[in-house]
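Asker: coords below, sequence missing:
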């Protein structure tokens with residue numbers, strides 16, 4: 001029982017039933033009170049009507065005050081009105097001075113109402129304990145007021161009738177509560193069923209089945225929306241886990257080759273079978289592989305930092321033109337070694353931007369590095385920058401072999417390299433564009449690659465950064 005009320009279904013049902021029971025209880029109390037009042041009023045009205053009918057009947061007899069005749073007439077009418085009058089109803093007749101003329105009750109009977117009020121023609125009812133008394137004046141058309149007629153009855157028949165009505169009212173209320181309980185349990189089951197479905201899916205996902213999804217109908221819009229968001233989240237989680245597995249597999253593949261080469265050369269050096277010239281070559285190659293691995297680890301650390309979600313925008317702006325010039329100066333020696341020309345075209349003016357110099361160096365540096373590596377010797381590389389509609393746009397283009405159309409959607413993936421079989425001699429780890437995309441995303445931007453895959457027409461990489469506009473706090477007016 002305790003477990004049921006700890007569930008959402010049980011708590012929801014208990015809450016609805018409790019609120020409804022409280023409401024029905026209050027309605028029952030109000031209806032019962034009103035019913036008791038109306039029952040008493042009805043009983044009083046019936047007694048008053050009976051008293052008026054009797055007063056009209058006795059108006060002739062009152063002219064000759066003969067008690068036996070009056071009581072005989074009362075007995076006759078009592079048998080006639082047995083259904084309307086309680087069995088213990090008593091009749092009393094008084095003259096205009098309040099003197100008792102006749103009575104069906106045992107013992108002395110007194111007029112319980114105010115005589116002046118009765119003589120004025122009013123019908124008066126009075127409740128005393130468990131009896132109801134009604135008095136009416138008796139009139140004659142010729143002689144006027146003759147006296148007062150008084151009847152009194154027990155309230156026991158009224159209480160019996162009221163009790164039957166109470167039982168009927170309580171029965172209807174109980175039936176309503178029972179029906180409501182059944183409907184509430186059904187509604188609670190319908191409302192919590194999607195949650196049970198979600199729980200079952202979560203349990204399956206916890207066991208490793210990442211492809212399961214919740215099937216929730218739209219009977220409850222909020223729960224349907226929750227189910228849709230859960231399925232979306234589950235898809236994202238599945239994608240992230242698959243990307244993590246691919247990342248581990250790709251990282252292992254990228255690390256295996258240089259580690260194997262280093263291990264082989266280290267074993268040869270340890271055996272002391274290599275000549276001095278070979279030893280120097282092996283040492284240089286090991287140093288190059290270590291530098292390659294260090295660069296890969298550095299890129300992975302930067303990529304992890306960029307995707308961690310803990311980005312803090314810089315508080316001070318920097319000169320975009322100066323930082324781009326620094327990036328070009330850093331890349332120019334490698335381009336010069338290959339006989340390549342780097343042309344810089346910056347549309348003036350470009351305002352200072354709230355961007356970290358290191359982040360700008362990572363993005364532009366990697367784009368220039370790719371352009372240098374994949375452009376032929378003597379090729380041309382162009383770096384352009386402009387400020388359009390509150391966005392900083394940076395374009396790096398080359399005249400290299402280009403990228404096939406089917407590979408463009410994947411060039412920003414980790415460790416992806418176009419045509420690996422023919423570009424193994426090109427240095428790099430395949431993390432450059434993934435790092436550029438992650439850093440650009442921090443500034444509300446992205447990277448777009450354009451190429452038709454035709455050798456000589458090259459590739460164009462466009463950075464668009466929307467979240468680097470700088471607003472001087474001193475210029476903000478409150």
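Answerer: Received it, and whenever you're ready, just let me know what you need. Since we're looking at a predicted model, the values are computed, not measured.
Asker: Next SSE downstream of the helix or strand of the chain with the lowest mean pLDDT?
Answerer: Ranking every helix and strand in the chain by mean pLDDT, DSSP states H and E puts helix 420-423 at the bottom, with a mean of 42. Note on helix 420-423: by DSSP states H and E, the next helix or strand toward the C-terminus is helix 432-442.
Asker: What helices and strands are in contact with that following helix?
Answerer: helix 276-306, helix 357-374, strand 446-450, strand 460-465 (3 or more C-beta pairs under 8 Å, 6 or more residues apart in numbering; DSSP states H and E). Heads up, the C-betas are built off the backbone N, CA and C, glycines and all.
Asker: what is the mean pLDDT for it?
Answerer: In this model, helix 432-442 has an average pLDDT of 85.
Asker: Same check on stretch 26-45?
Answerer: 88.
Asker: Now find how far off-centre it is within its chain.
Answerer: Distance, stretch centre to chain centre, for stretch 26-45: 46 Å (C-alpha atoms, centre = their mean, to the nearest Å).
Asker: can you put the helices and strands packed on helix 432-442 in JSON lines and add mean neighbour count, distance to residue 411 and mean pLDDT?
Answerer: Formatted as JSON lines, the helices and strands packed on helix 432-442 follow (neighbours: other C-beta atoms under 10 Å; distance: least, C-beta to C-beta, whole Å; pLDDT from 0 to 100):
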{"stretch": "helix 276-306", "mean neighbour count": "14", "distance to residue 411": "15", "mean pLDDT": "79"}
{"stretch": "helix 357-374", "mean neighbour count": "21", "distance to residue 411": "9", "mean pLDDT": "89"}
{"stretch": "strand 446-450", "mean neighbour count": "17", "distance to residue 411": "6", "mean pLDDT": "90"}
{"stretch": "strand 460-465", "mean neighbour count": "21", "distance to residue 411": "9", "mean pLDDT": "91"}
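Asker: do you know which of these lies nearest residue 221?
Answerer: Smallest distance to residue 221 across the helices and strands packed on helix 432-442 (C-beta to C-beta): 33.4 Å, for strand 446-450.
Asker: still on that earlier bit, of the helices and strands packed on helix 432-442, which is nearest residue 183?
Answerer: strand 446-450 (53.2 Å).
Asker: Report the angle between that closest one and helix 357-374.
Answerer: Angle of strand 446-450 versus helix 357-374, following axes from the mean of the first three to the mean of the last three C-alpha atoms, to 10 degrees, is 10 degrees.
Asker: partners of strand 446-450, with directions?
Answerer: Under the criterion DSSP bridges, strand 446-450 sits next to strand 460-465 (antiparallel) in its sheet.
Asker: what sits up against the strand it pairs with?
Answerer: 353, 355, 363-364, 367, 370-371, 391-397, 433, 436, 440, 443-451 (C-beta atoms under 8 Å, 6 or more residues apart in numbering).
Asker: Return the distance of that strand from the chain's centre.
Answerer: Its chain's average C-alpha position is 39 Å from that of strand 460-465, according to C-alpha atoms, centre = their mean.
Asker: likewise stretch 125-136?
Answerer: 63 Å.
Asker: what about it, start to end distance?
Answerer: Across stretch 125-136, the terminal residues are separated by 9 Å (C-alpha to C-alpha, to the nearest Å).
Asker: So which bits of that stretch are buried?
Answerer: Across stretch 125-136, burial judged by 16 or more other C-beta atoms under 10 Å covers 125, 131, 132, 133, 134, 135, 136.
Asker: Show only the entries of those found in strands.
Answerer: Per DSSP state E, strands hold the following members of these: 125, 131, 132, 133, 134, 135, 136.
Asker: and the fourth one, what is it in contact with?
Answerer: Residue 133 makes contacts with 112, 113, 125, 126, 127, 150, 151, 152, as judged by C-beta under 8 Å, 6+ apart.
Asker: which residues pair with it across the strands?
Answerer: In this structure, residue 133 bridges to residue 126, residue 152 when assessed by DSSP bridges.
Asker: Pull the number of nearby residues for residue 404.
Answerer: Residue crowding around residue 404 was assessed by other C-beta atoms under 10 Å; the count is 13.
Asker: my guess is it contacts residue 454, does it?
Answerer: No. Taking contacts as C-beta atoms under 8 Å, residue 404 lies outside contact range of residue 454: 10.0 Å.
Asker: Below-threshold pLDDT in the stretch 201-350 of the chain: ranges please.
Answerer: The model of the stretch 201-350 of the chain has pLDDT under 70 over residues 219-220, 253, 308-309.
Asker: Do you have the helices of it handy? List them.
Answerer: 221-271, 276-306, 320-337 (DSSP state H, counting those that start in this stretch).
Asker: Now render these as CSV, adding distance to residue 210.
Answerer: Compiled in CSV, the helices of the stretch 201-350 of the chain are given as follows (distance: least, C-beta to C-beta, whole Å):
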stretch, distance to residue 210
helix 221-271, 4
helix 276-306, 22
helix 320-337, 41
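Asker: Compare the ones you listed and give me the one nearest residue 40.
Answerer: Closest to residue 40 of those, according to C-beta to C-beta: helix 221-271, at 51.1 Å.
Asker: Mind giving me the packing neighbours of the closest one?
Answerer: Using 3+ C-beta pairs under 8 Å, 6+ apart, helix 221-271 sits against helix 156-206, helix 276-306.
Asker: And residue 23, how far from residue 130?
Answerer: 34 Å (C-beta to C-beta, to the nearest Å).
Asker: Distance-wise, check the residue nearest to the spatial centre of the chain relative to residue 198.
Answerer: Of all residues in the chain, the one closest to the mean position by C-alpha atoms, centre = their mean is residue 222, 6.1 Å from it. According to C-beta to C-beta, residue 222 stands 13 Å off from residue 198.
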